[in-house]
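Trainee: kindly generate the corresponding structure for this input.
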Amino acid sequence: MSTTATAAPWITRAGESQIIHAFGDEMHIHLGARETGGQYTLFTDVTPPGGGPPPHLHHAEDEWFHVLEGRAAFLKDGVWEEVPAGSTVFMPKGSVHTFKNVGDGPLKQLITVVPAGIENYFARCGEEFAKPDGPDMAGILAISAEHDIVFV
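Mentor: Here you go, the predicted structure:
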């Protein structure tokens, strides 16, 4: 998504974030394209034990993760590396990456994506995951392709 508007000051109060459920995670969207003029998306991601997305890459976005609570492992350059809470991980566009919760409790991360728009991707995927019979994976792959996200 390109920057199409000038950002204005904005406050998202506690409990006012948009909540999206997709890929087994709960995402609290604090700031997105609308609030930042398309510059970035900021959200808290809560992943259950054993959870995490499949390896993928973004053709259009840089993404960084700040581990707030729990135990996280990241796939970076084809190697898994566990990082403690308080760690920050950067994955530039074009890099194959993923993360997983390797702990016994929830993994909580603050995630930033530049430019904004990934919240729209998650919302559309969330609709697929909310279907009574579960998501249509062909639909997930089509939505991913529209957003230049490729699962590998």
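
Trainee: who's T112 bridged to?
Mentor: L42, W64 (DSSP bridges).

Trainee: neighbours around it, how many?
Mentor: 20 (other C-beta atoms under 10 Å). Where you see a C-beta, it was placed from the backbone N, CA and C, and this is true even at glycine.

Trainee: quick check, pLDDT for it.
Mentor: pLDDT for T112: 98.

Trainee: one more: E119?
Mentor: On the pLDDT scale, E119 gets 98.

Trainee: the one 3 residues further on now?
Mentor: The model reports F122 with a pLDDT of 97.

Trainee: hang on, it in a helix?
Mentor: Yes: counting by DSSP: H, G, I helix; E, B strand; the rest coil, F122 falls inside a helix.

Trainee: relative to G105, how far out is it?
Mentor: Relative to G105, F122 is positioned 23 Å away (C-beta to C-beta, to the nearest Å).

Trainee: more neighbours: which of these two?
Mentor: The neighbour count for F122 versus G105, taken as other C-beta under 10 Å, is higher for F122 (25 against 11).

Trainee: the protein: strands as residue ranges?
Mentor: Secondary structure of the chain, counting by DSSP state E: strands at 18-22, 25-31, 41-47, 56-58, 62-69, 72-76, 79-83, 88-91, 97-101, 107-114, 149-151.
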